[in-house]
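**Q** would you be able to build a 3D model of this:
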Amino acid sequence: MPVLNRIAAFSDEMKGWRRHLHAHPELSFDCVNTAAFIADRLQEMGVDEIHTGIGQTGVVAIIDGQGPGPTIGLRADMDALPIVEATGAAHASTIPGKMHACGHDGHVTMLLGAAKYLAETRRFAGRVALIFQPAEEDGAGGQAMVQDGMMDRFDIAQVYGIHNAPNVPFGRFLTNPGALMASVDTAFVHITGKGGHGATPHDCVDPVIAVVGMVSAIQTIIPRNVYALDEAVISVTQIHTGTASNIIPEEAMFCATIRAFKPDVRELLKKRFHEIVAGHAMAYNVEARVDYDWGYPATINHAAEAAFATEVAAEVVGADATDGNTNREMGSEDFSYMLEARPGAYLFLGTGPGAGLHHPAFDFNDDASPIGASFFARLVERAQPLA
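**A** This next block holds a predicted model:
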């Protein structure tokens, strides 16, 4: 079956929601106005319960079905990014330095569209928990909502989410039955030597040489310590030191993003990273401090739920536009915390050609909203059918 007719009928209303959200982005946990907008729309739809302030600014709304049954969770993230927008759109960000460059405005709209349909029709048993989450980009809002007791408080039995995928064919769903996205850790290394004149390096302890040695050695961790079929990535993304061409600086720093799928590989990368920094600090006679931020875990789908979600996606867009065995990727996502707490699955929805995620020219494709909303709605009706 294609997009649900009732959802298609209010697609213009969904476009209006999305463009309002796009014009009024908020960062991290500071999603106060976004949450209020969502709560107002949910109240207009006649959902049964609206709970705010979960995980700081998260919203959970409940829609009761017809008759007893479990509760299924549907999640959308709602925070934006600290990027100066360059779309030139009429609905562009009105807040300088902030924009929805990852499509979370579209994710909220998909879930609101599903909520409107489900609140009207209620062709399901049990309950639906609509989860609107802050701080996916920065702050682990998914973890905050789980730690706030969301899963137990609302008795959520399983949970699902969608992320838009630009430059994937429009309307194509992608997922897999296991690890879909990587864990992400971040290391900041601060090195202290002894500064001085560039003409007298023998009187100095040069942190620049130490940085060069550490960065080069860190790039050997994966090819020489990790089994070749266990994908992992270490990318050094910043190096900062020095102020002038004739001064050996006192300090230097670098940072790296570190990604893996398996917990034991993740632990190995951390261990070897610390060992290499410590060993090189001794070799170069510098002091080195590592601030290692243990970030989001890998996003690992549950096999049965991923297979079920794939079936539902095929109902909406067709089997030819659904891939239930897509390749995993090295990006990360804090929906991982919800999948650690409950069975469920995460899917990508192709939105066609356009600027990539986190690009200042990115704008969500509004034509994808009815597809995502229809997927969520059918997921509920299929997971919790009426007797």
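**Q** which residues of the chain fall in helices?
**A** Defined through DSSP state H, the helices belonging to the chain, from first to last, are 5-9, 11-23, 32-45, 104-121, 141-147, 150-153, 207-218, 221-225, 263-284, 303-317, 336-341, 369-383.
**Q** what's the closest of those to Gln133?
**A** Using Cβ to Cβ as the measure, helix 141-147 is the one of these that comes nearest Gln133, at 4.9 Å. From N, CA and C alone the C-beta is placed, and that goes for glycine too.
**Q** what packs against the closest one?
**A** Helix 141-147 sits against strand 58-64, strand 71-77, strand 127-133, helix 336-341, with contacts defined as 3 or more Cβ pairs under 8 Å, 6 or more residues apart in numbering; DSSP states H and E.
**Q** average model confidence for stretch 92-107?
**A** Stretch 92-107 shows a mean pLDDT of 98.
**Q** quick one: end-to-end distance for it.
**A** Distances were taken as Cα to Cα, to the nearest Å; on that basis the terminal residues of stretch 92-107 are 17 Å apart.
**Q** can you list contacts of it?
**A** When contacts are taken as Cβ atoms under 8 Å, 6 or more residues apart in numbering, the neighbours of stretch 92-107 outside the stretch itself are 18-19, 21-27, 76-85, 136-137, 161-164, 166, 351, 357-360, 362, 364-366, 368-369, 372.
**Q** filter those down to the buried ones and hand me the PyMOL line.
**A** In PyMOL, selecting the buried portion of those, with burial taken from 16 or more other Cβ atoms under 10 Å, looks like this:
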select buried, resi 18+19+21+22+23+24+25+26+27+76+77+78+79+80+81+83+85+136+137+161+162+163+164+166+351+357+359+362+364+365+366+368+369+372
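**Q** strands - which of the contacts of stretch 92-107 land there?
**A** 76-77, 161-164 (DSSP state E).
**Q** quick one: those as CSV, columns for pLDDT and distance to Ala314 too.
**A** Supplementary listing: the ones in strands among the contacts of stretch 92-107 in CSV, determined by pLDDT from 0 to 100; distance: Cβ to Cβ, whole Å:
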residue, pLDDT, distance to Ala314
Ala76, 98, 22
Asp77, 98, 25
Gly161, 98, 18
Ile162, 98, 15
His163, 98, 19
Asn164, 98, 19
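**Q** export those residues to JSON lines and tack on distance to Ala35?
**A** Rendered in JSON lines, the data for the ones in strands among the contacts of stretch 92-107 read as follows (distance: Cβ to Cβ, whole Å):
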{"residue": "Ala76", "distance to Ala35": "12"}
{"residue": "Asp77", "distance to Ala35": "12"}
{"residue": "Gly161", "distance to Ala35": "18"}
{"residue": "Ile162", "distance to Ala35": "19"}
{"residue": "His163", "distance to Ala35": "20"}
{"residue": "Asn164", "distance to Ala35": "21"}
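**Q** out of the residues you listed, which comes closest to Tyr346?
**A** Sorting these by distance to Tyr346 puts Gly161 at the head of the list, at 5.0 Å, by Cβ to Cβ.
**Q** count of neighbours near the residue lying closest to that closest one once chain neighbours are set aside?
**A** The shortest distance from Gly161 to any non-neighbouring residue, by Cβ to Cβ, 6 or more residues apart in numbering, is to Arg75 (4.3 Å). Residue neighbour count, defined by other Cβ atoms under 10 Å, stands at 26 for Arg75.
**Q** repeat for Thr326
**A** 18.
**Q** phi and psi next, for it.
**A** Listed backbone geometry of Thr326 is phi -70, psi 160, with angles given as degrees, to the nearest 10.
**Q** give the contact list for Leu349.
**A** If you count contacts by Cβ under 8 Å, 6+ apart, Leu349 has them with 162-165, 168, 171-174, 368, 371-372, 375.
**Q** and those residues as a markdown table, adding distance to Cys31?
**A** Putting these into a markdown table (distance: Cβ to Cβ, whole Å) gives the following:
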| residue | distance to Cys31 |
| --- | --- |
| Ile162 | 19 |
| His163 | 18 |
| Asn164 | 18 |
| Ala165 | 23 |
| Val168 | 27 |
| Gly171 | 28 |
| Arg172 | 29 |
| Phe173 | 27 |
| Leu174 | 27 |
| Ala368 | 22 |
| Ile371 | 25 |
| Gly372 | 20 |
| Phe375 | 24 |
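**Q** now, which of those sits nearest Ala345?
**A** Proximity of the contacts of Leu349 to Ala345 (Cβ to Cβ) peaks at Ile162, which lies at 9.9 Å.
**Q** thought that closest one was touching Val108?
**A** No - Ile162 is not in contact with Val108 according to Cβ atoms under 8 Å; the separation is 11.1 Å.
**Q** what do these two both touch?
**A** Counting by Cβ under 8 Å, 6+ apart, the common neighbours of Ile162 and Val108 are Ala76.
**Q** residues near Val59, how many?
**A** When neighbours are defined as other Cβ under 10 Å, Val59 has 26 of them.
**Q** just list whatever residues bridge to it.
**A** Thr52, Phe132 (DSSP bridges).
**Q** give me the most central residue, the chain.
**A** Centroid-nearest residue in the chain, with Cα atoms, centre = their mean: Glu333, separated by 3.1 Å.
**Q** circling back to that earlier point, if I look at the residue nearest to Gly161, what pLDDT would I see?
**A** pLDDT, Arg75: 99.
**Q** who are the contact partners of it?
**A** When contacts are taken as Cβ under 8 Å, 6+ apart, Arg75 is in contact with 111, 131-133, 142, 159-161, 335, 338.
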